[in-house]
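# fold the following for me, if possible:
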Amino acid sequence: MNNTLFCWAVVSNSFEIRCRRLIDDLHLASADDVLSVRSLTGGVASDIGVADLGDRQICVKFALEKLKVEEDWFAPLHRNRAEYDWLTFATSVDPQCVPLLYGRSERENGFAMAFLPPDQVDNWKDVLLRAVPPQGEAASVGRVLGQIHAASSSPSFDRSLFENRDDFHALRIEPYLLFTATRHDAVAKQLGRLADSLHTTDPVLIHGDVSPKNILFRSGHPIILDAECATMGDPAFDVAFCLNHLVLKAAHVPAIRAALLAAIEQFWTAYKPHVRWEHEDLLEDRVCRLLPALMLARIDGKSPVEYLDDGARMHLRSLSLSLINAPTANLQQFIDHFRSNLRSE
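Take a look at the predicted model:
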């Protein structure tokens, strides 16, 4: 069950009114026909709720200007449109990889999609933190992500919907790399170069937040949510961002550590056959440079991971810094280095 996405909260009157207006604007029902609105907690970037229409429940989502984190972190509201466009495109590639979409309201700057009851899906993050042995989830995500990246590299793909590099800078480059660089002078230049590369490299459409908390599984198939950071960008970011979560979970959950490290290679093995916009070795090299930077960002950036204790943070910080200064040549070397240098439990 997805404890992150499916926790109920007291809904504010203004949020309920906005949800009712959205439902009415999309002609899904009249505002007065909405029986109730329940707010979902757990996310930091959006207001999300469930509207009960009697015969069905609909999930509604609106972007927030100021994210719900300790540090000041602002992002443009129109990213809600980019998210909906990413979900729409992903549906055309694999209809099973996103929820059924009901429409987006420009006036309300929000959209509606099918609500996925928690008893019908499993949240990947929750599964990992419960130390459930992997069942091929990483390979499934790698395969779907590779298909989406490949489809967007086609000359016929309309890039104009996703020229969002400034939004990506505000949501990812600044809080993850540039802010972290202010905490670590010794690697500030390396992080700055990575930031510059991410800002200018854009061969495919990237999701920007391929995190286990944003991925549900239903009958073994991934459903990818929360594409607020979608932009034309560097596919290495999506790959490294997802693999970073497996790395951090491997450090945190020793019971399935070996399986999680194996899942990194399984993800890459499933993903790389779809790489046709560049040589896969070039992409893998950028992934290996980004991975330790993102590891460090989840320790000392604006969005630190919540489940690591102080000892694990200190150890991973040291390991990240060493790998930023001396990146591995490929992912297998990264896995071997991480395994041999991780503290024993």
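# can you classify the residue most central in space within the chain as helix, strand or coil?
Computing the C-alpha centroid of the chain and ranking residues by CA atoms, centre = their mean puts Asp209 first, at 2.0 Å. Three-state assignment for Asp209 (DSSP: H, G, I helix; E, B strand; the rest coil): coil.
# touching, it and Glu228? I think so.
Yes: Asp209 is within contact range of Glu228, at 6.7 Å (criterion: CB atoms under 8 Å). C-betas here are computed from N, CA, C, even on glycine.
# the longest helix seen in the chain - contacts with which helices or strands?
Longest helix in the chain, counting residues (DSSP state H): helix 280-300. Applying 3 or more CB pairs under 8 Å, 6 or more residues apart in numbering; DSSP states H and E, one finds that helix 280-300 contacts helix 179-183, helix 188-200, helix 235-252, helix 310-325, helix 331-341.
# give me the pLDDT for Phe111.
At Phe111, the model reports a pLDDT of 94.
# buried residues, stretch 161-168. List them.
161-162, 164-165, 167-168 (16 or more other CB atoms under 10 Å).
# what do you get for stretch 116-123?
Neighbour-count burial for stretch 116-123 [16+ other CB under 10 Å]: 116, 118, 121-123.
# could you dump the residues you listed to JSON lines with distance to Gly103 and secondary structure?
Formatted as JSON lines, those follow (distance: CB to CB, whole Å; DSSP: H, G, I helix; E, B strand; the rest coil):
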{"residue": "Leu116", "distance to Gly103": "17", "secondary structure": "coil"}
{"residue": "Pro118", "distance to Gly103": "24", "secondary structure": "coil"}
{"residue": "Val121", "distance to Gly103": "22", "secondary structure": "coil"}
{"residue": "Asp122", "distance to Gly103": "27", "secondary structure": "strand"}
{"residue": "Asn123", "distance to Gly103": "25", "secondary structure": "strand"}
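# what residues of stretch 317-334 count as buried?
317, 319-321, 323-324, 327-328, 331, 334.
# with stretch 144-155 instead?
Buried, per 16+ other CB under 10 Å, within stretch 144-155: 144-153.
# filter those residues down to the ones in helices?
144-152.
# any regions of the stretch 201-345 of the chain where pLDDT drops low?
Within the stretch 201-345 of the chain, the stretches with pLDDT under 70 are 343-345.
# so who does the nearest residue to Leu178 once chain neighbours are set aside touch?
Distance criterion CB to CB, 6 or more residues apart in numbering; nearest residue to Leu178, sequence neighbours excluded, is Ala195 at 5.6 Å. Ala195 makes contacts with 173, 177-178, 181, as judged by CB atoms under 8 Å, 6 or more residues apart in numbering.
# show the pLDDT at Ala195.
So Ala195 comes in at 97 (pLDDT).
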